[in-house]
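In: Whatever this is, show me its structure:
(2 chains)
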Amino acid sequence: MARNKFDIDEELEARFDAKQLRRLLGYLKPYRGKVAFTILLMIVSSMLALLGPYLVKVSIDEMIPSGNIPGLIVLASIFLVTLVFNTICMKYRIRTMSYIGQNIIYNIREDIFRHIQKLPFAYYDSRPHGKILVRVVNYVNSLSDLLSNGLINLITDLFTLAAIVVFLLILNVRLALICFIGLPVLITVTLLIKNAQRKAWQKVSRKLSNMNAYIHESISGIKVTQSFAREDENMDIFLEQNEEYRKSWMDAIRVQFLMWPIIDIISVISVCAIYFAGIHWLGTGGITTGIIIAFTSYVWRFWEPVINLGNFYNSIINAVAYLERIFETIDEKPTVADLPGAVTMPSINGAVEFRDVLFCYEKDEVVLDHVSFHVEPGQTIALVGPTGAGKSTIVNLVSRFYDVQEGRVMIDGRDVRSVTLESLRKQMGIMLQDTFIFSGTIMDNIKYSRLDASDEDAIAAAKAVMAHDFIEAMPEGYQTEVNERGSRLSVGQRQLISFARALLADPRILVLDEATSSIDTETEIALQAGLQRLLKGRTSFVIAHRLSTIKNADKILYIDDGKIIEQGTHEELMAKGGAYCKLYTAQYRLLEVV
Amino acid sequence: MKEFKWVWSLMRKYRLIFFTALGLVFAVNLLNMINPYVQGMIVDRVIVDGQIGILLTLVLIMVGNTILRAVLRYIYLYMFEHVSQNVVFNARRDVFRKIQELDFDFFDRTKTGDIMARMTGDLEAVRHFTAYVMYSLFMHTVTLILVLVILFTINTTFTLILLAITPITGILAVKLSSVVKPAFSAIREQFSKLNSVVQENISGNRVVKAFAQEEYEIYKFSRENAGFRDCNIRAAKIWEKYLPVMDAVAGLLSVIIILAGGILVITENITLGELVTFSSFLWALNNPMRMIGWLINDTQRFATSAEKVMMLLSREPKIKSREGAITRKPEGRVEFRNVYFGYGKKPVLEDINFCAYPGQTVAVVGPTGSGKSTLISLISRFYDCSRGTVLIDGKNVKDYDLKALRESIAVAMQDIFLFSETIEGNIAYGAPDVPVEKVCWAAEMAGAHGFITEFPEGYDTIIGERGVGLSGGQKQRIALARALVKQSSIIILDDTTSSVDIETEHRIQQNLREFCKDKTTFIIAHRISSVKHADLILVLEEGRIVERGTHSELLALKGRYYNTFVNQYGDFDKMGSD
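Out: Residues are numbered from 1 along each chain as shown, chains lettered A, B, ... in the order given. Presented below is the predicted three-dimensional model:
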């Protein structure tokens, strides 16, 4: 059962630490050569940028007073050369950084997506889908700039800072130290607001996630909303989500924007301190008027990279709120996964055995209570019983969608946990209770179970399940486009398409979980006749409420409250006069009562 | 242009704050000029001339000015964020409202991922534009104008010479703005695709796993993921072509200062002092020229996204209330008169005629795809019929206010969608204010109370999106309870008990009989037991009513209905003789 809904904030399970930052840098590793070269170019280019004012100064101080026009031309040419070089550097930087940044995003997204493929049903069942979606799509996007330009700027700025520090120290040690006094103050202030800032951005990411989950669900469930004319209430709920997000953003901004004024003020104060100190020490220790003037004009160049670093720090804090969610998802342990040493399942014969299986979805909530049964290859097993008795759970365990807590599920004498998931599931054709149609053509949807199937095979499968006629009657036949909400297909039609899909998989074991509940009796009878031929020699599990569907099964299991109450053929169970018999006769008895 | 009109329509309400903030930007720009001036004075008067007495005053001015500037800047940045957040808030509200208004037809054609892309990435571009790009454009323009005014008063000729290169920037800017737009369009398209492929993968995770198609999903995803990367890199290729050149053009100003300025000084057309002033104002000319490329870039990014959002906002639902619609809740007499309906060329419903009175139950049976669900969806006006009329209480459904109409009809749809909400929240979906007792009553009626109370958290159990974690029968019963809670005069049960076991179904039917006494009830079902007691049974085939009557009348007819009966209860006689 779900633990989270749209308006519940998600708890963060993993704390962000240096290890994760290293992990992030790991994504940059393949490109380190390019990054290093770009940084080198940027450093040279920023050095050249310092040359510009100097060239102007030389021309004003020396060339112009002496009327040296050739000299001016030389200076202008040098300047032009630096411009050309800078243009090339910038071009290279844009190209490389977009290449690297986009590739890193691509890689992170690839990792998170690949990982969620491994996560079991339980992961998807326990939270709104919109919350998973934003992690894969939106959060990852928000990292793009940080990883490319952010990093380059960081290193370039650090380098510039180091260069300027050295330069200031050479110029005058005492004045330089005065100038650096501002730094510890700045660092202290930064650390003070850091926590508030981090919390604020984490809140933004949670609220964004909540809001998107609500939007997503509202779109998916729009038909219900409209049929209940609940638009106004939903609007109110949405506005509340929207407002909470807006508010959290403004709260975060309020802290975030503190950074710039603080640096600004500290830098001005430190410059003023230099004036005071400089004038105080004038004439001592080599402090001259020229030194003070030079010093104060260079001090600004010291604060510029500091401001940039502050901005970078801000965006890091901002991005970390998303990053921790991304890594949290990537670190989510798949509870159902290939065990070490899992082997490929050989071609399945079809013997299925449950040996004393105990299973619960949630702790202490026993769904299957020590269930044991045996199925011979090629048999058809019907599961009947009240809703919620555990019928779907049994078939889910056969495909190992969940792992049992106790006992074993065996296929052909092998524990399903000893083989790889893919080799197991590829040999099963499963038609789930919830039909899901992918956007694309109907043909694509049928072929989903076997991508390399020919059109003929797909059409044959559709014919076998009596879907061919209605598909052909559609405007573009098998090429008709449908979307993931099923478009205009009725539930019965969707069931038939899913059925064709399951059949096309050419499964060794077929699982039909209420496969035909929305299909009319005549179609179903015709379908079963076709199915009989196709299923020869394959084991199949059938869950159905219409008993005419299951009467011919080789074995009928009557499940109630997580236990097998009765098992046997229709005739045996009828003769026994137990629960099944009562159920079977009920449909006639009840018809009469009405 | 219309993108800007749209964003302005959203900003209008906050224009006072916006313009105040712009005023502050202007003020801060002016304040920016003070510190260099004060510093000059410190150097000239204090350090060179030795007037140490005024140092403190000058320093205080500088610090005071900086604090003032910092505070003002904080305020205007905050104000811009305020405006921008409100603009996006309202845009998001409008889009959400539009989504709620649009009809089934739209959703039948549109992917969820596409709509999500509008609500996330595209609105983010709008946010960035209103929070940052707009004021940056203003700030740079102001700086440029201020400095041009100063420079023109100093020396017109030299200013004109400096400006000689601006047409190049202008041409590049115009060119950039036209070539970068398609690139952004491509990015937006690709973003939608990426969103859709991930969204479907998540929603369809059960099917993916059932067929072990994870590798194929990764393949599909990687294709879109790579496509998104490549679109972005392609856009960067355009920047790479223009932006460094624009940067270099701005850099040419320095060359002009050195060369042309130098020659003008030497030929005594301007003074050396004037040249020095020009060079000290260089940054103010230089910066806007360098930034213009980036800002144009961001503006086009905004325009592309805004266009997408506006496209969604401009969609008009075909089904809506007309002016002066009837808001009175109908009593429930439903009549179909010569109703035809078709999505494409082929009609889905043809010549449907029947009438259902309050207190009656009408059952619709027929093969899969024969048009049963379509027929009942015309009553709630989920679609409008293409010919003929659907009437309620003798009035065309199109004459009713849509909300009033739908509020009086309770539907349990065949395609069950439950929200990731508590069970209580789901059942009370159509009537959020009903007391818990009513919710329990409805659950009881729908045969759901029993299993709900067996959950550890009972009615507070949160169910997953689309009801995952519940069995088909459980979902159906919750959906049924949801329909029962609602005050309605017409109740539509579309295949609501197909996954429920027969005894439970029977109990539910008995409960419903009392409940539906004064309502018009429609039932779609496949089991004869579900429809047997209906006052009127319509047998649908390929969109036409082929048989009609009561259970016994139809059996006597020995037609299609009779066949179905025999198929379901064929061994009934055998049983009886046993």
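
In: got the contact list for the residue nearest to residue A:425 when sequence neighbours are not counted?
Out: Excluding the flanking residues, the one nearest residue A:425 by C-beta to C-beta, 6 or more residues apart in numbering or on different chains is residue B:212, at 3.7 Å. Just so you know, the C-beta spots here come from the backbone N, C-alpha and C atoms, and that holds for glycine as well. Contacts for residue B:212 (C-beta atoms under 8 Å, 6 or more residues apart in numbering or on different chains) come out as A:421-422, A:424-426.

In: other SSEs contacting the helix or strand harbouring residue A:367?
Out: According to DSSP states H and E, residue A:367 maps onto strand A:366-375. In terms of contacts (3 or more C-beta pairs under 8 Å, 6 or more residues apart in numbering or on different chains; DSSP states H and E), strand A:366-375 is packed against strand A:352-360, helix A:391-398, strand A:406-411, strand A:563-568.

In: try 6 Å this time
Out: With contacts taken as 3 or more C-beta pairs under 6 Å, 6 or more residues apart in numbering or on different chains; DSSP states H and E, strand A:366-375 sits against strand A:352-360.

In: Compute the inter-axis angle for the strand it packs on and strand A:563-568.
Out: For strand A:352-360 against strand A:563-568, the angle by axes from the mean of the first three to the mean of the last three C-alpha atoms, to 10 degrees is 160 degrees.

In: What is the longest helix anywhere in chain B packed up against?
Out: Longest helix of chain B, by residue count under DSSP state H: helix B:55-101. When contacts are defined as 3+ C-beta pairs under 6 Å, 6+ apart, helix B:55-101 packs onto helix A:231-256, helix A:259-281, helix B:2-11, helix B:15-41, helix B:123-128.

In: how about those, which one is nearest residue A:409?
Out: Of all the helices and strands packed on helix B:55-101, it is helix A:231-256 that lies closest to residue A:409, at 42.4 Å by C-beta to C-beta.

In: Buried residues, that closest one. List them.
Out: A:231, A:233-235, A:237-238, A:241-242, A:244-246, A:248-253, A:255-256 (16 or more other C-beta atoms under 10 Å in any protein chain shown).

In: do the same with stretch B:484-499
Out: B:484-486, B:488-499.

In: Tell me where the stretch 401-550 of chain B has helices.
Out: For the stretch 401-550 of chain B, the helices defined by DSSP state H, counting those that start in this stretch cover B:402-407, B:423-427, B:436-445, B:449-454, B:472-485, B:502-515, B:528-531.

In: For the second one, what is the distance to the chain centroid?
Out: Same thing as helix B:423-427. Its chain's C-alpha centre and that of helix B:423-427 lie 25 Å apart, by C-alpha atoms, centre = their mean, to the nearest Å.

In: Excluding its own residues, what touches it? List them.
Out: Helix B:423-427 has contacts (C-beta atoms under 6 Å, 6 or more residues apart in numbering or on different chains) with B:418-419, B:439, B:442, B:452, B:459, B:461, B:478, B:481-482, B:485.

In: so which of those is the most crowded?
Out: residue B:482 (30 neighbours; other C-beta atoms under 10 Å in any protein chain shown).

In: ok, back up a step: how much does the longest helix of chain B deviate in direction from helix A:259-281?
Out: Using the same axes, to 10 degrees: helix B:55-101 against helix A:259-281 is 170 degrees.

In: Run through chain B and note the low-pLDDT ranges.
Out: B:343-345, B:466-468, B:571-578 (pLDDT under 70).

In: Residue ranges of each domain in it, please.
Out: Residue ranges for the domains of chain B, per automatic domain parsing: B:1-101, B:120-318, B:320-408+B:520-570.

In: thinking again about what came up before, where's the residue nearest to residue A:425 relative to residue A:120, distance?
Out: Counting by C-beta to C-beta, to the nearest Å, the gap from residue B:212 to residue A:120 is 13 Å.

In: ok, now residue B:493?
Out: Counting by C-beta to C-beta - residue B:493 and residue A:120 are separated by 34 Å.

In: Ok, residue A:81 next?
Out: Counting by C-beta to C-beta - residue A:81 and residue A:120 are separated by 62 Å.

In: and after the helix or strand where residue A:106 lies, which helix or strand comes next?
Out: In this structure, residue A:106 sits in helix A:69-118 according to DSSP H and E. Per DSSP H and E, helix A:69-118 leads on to helix A:121-125 as the next helix or strand towards the C-terminus.

In: near chain B at all, that following helix?
Out: Yes. Helix A:121-125 lies within reach of chain B by C-beta under 6 Å from any C-beta of the partner chain, at A:124-125.

In: Return the alpha-carbon coordinates of that helix using PDB.
Out: C-alpha atoms of helix A:121-125 as PDB (Å, rounded to 0.1, in the frame of the first residue of the first chain):
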ATOM      1  CA  PHE A 121       6.400  -2.800  -8.000                       C
ATOM      2  CA  ALA A 122       6.400  -1.800  -4.400                       C
ATOM      3  CA  TYR A 123       8.500   1.300  -5.200                       C
ATOM      4  CA  TYR A 124       6.000   2.500  -7.800                       C
ATOM      5  CA  ASP A 125       3.000   1.600  -5.700                       C
END
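
In: what does that helix contact?
Out: A:401, B:205, B:464, B:468-469.

In: want to throw these into a markdown table with neighbour count and distance to residue B:9?
Out: Formatted as a markdown table, the contacts of helix A:121-125 follow (neighbours: other C-beta atoms under 10 Å in any protein chain shown; distance: C-beta to C-beta, whole Å):
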| residue | neighbour count | distance to residue B:9 |
| --- | --- | --- |
| A:401 | 21 | 51 |
| B:205 | 24 | 41 |
| B:464 | 25 | 40 |
| B:468 | 22 | 41 |
| B:469 | 22 | 44 |
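
In: These: which two are farthest apart?
Out: Checking the contacts of helix A:121-125 with C-beta to C-beta, the most distant pair is A:401 and B:464, at 14.4 Å.

In: what about the residue positioned nearest the centre of chain B, distance to residue B:202?
Out: Residue closest to the average C-alpha location in chain B (C-alpha atoms, centre = their mean): residue B:119, at 4.2 Å. Distance of residue B:119 to residue B:202, computed by C-beta to C-beta: 16 Å.

In: can you check residue A:88 too?
Out: 45 Å.

In: Could you do residue B:370 as well?
Out: For residue B:370, the distance to residue B:202 - C-beta to C-beta - is 33 Å.

In: okay, these two: which has more neighbours?
Out: Higher neighbour count among residue B:370 and residue B:202: residue B:370, with 24 against 21, using other C-beta under 10 Å.

In: And the strands in chain A?
Out: Listed in chain order, the strands of chain A (DSSP state E) span A:352-360, A:366-375, A:380-384, A:406-411, A:414-415, A:428-431, A:440-441, A:481-482, A:509-513, A:539-543, A:555-560, A:563-568.

In: winner for burial among the ones you listed?
Out: Burial of these is given as mean neighbour count (mean count of other C-beta atoms under 10 Å in any protein chain shown); strand A:428-431 ranks first at a mean of 27.

In: Do I have it right that residue B:329 meets residue B:408?
Out: Yes. Counting by C-beta atoms under 6 Å, residue B:408 is a contact partner of residue B:329 at 4.5 Å.

In: So which of the two has more stuff around it?
Out: Neighbours were counted for residue B:329 and for residue B:408 using other C-beta under 10 Å; residue B:408 has more, 23 against 17.

In: Assess the claim that that one and residue B:489 are in contact.
Out: Yes. Counting by C-beta under 6 Å, residue B:408 does reach residue B:489; the two are 5.0 Å apart.

In: Quick check: the residue of the stretch 51-200 of chain B nearest chain A.
Out: At 3.4 Å from chain A, residue B:70 is the closest residue in the stretch 51-200 of chain B, using C-beta to the nearest C-beta.
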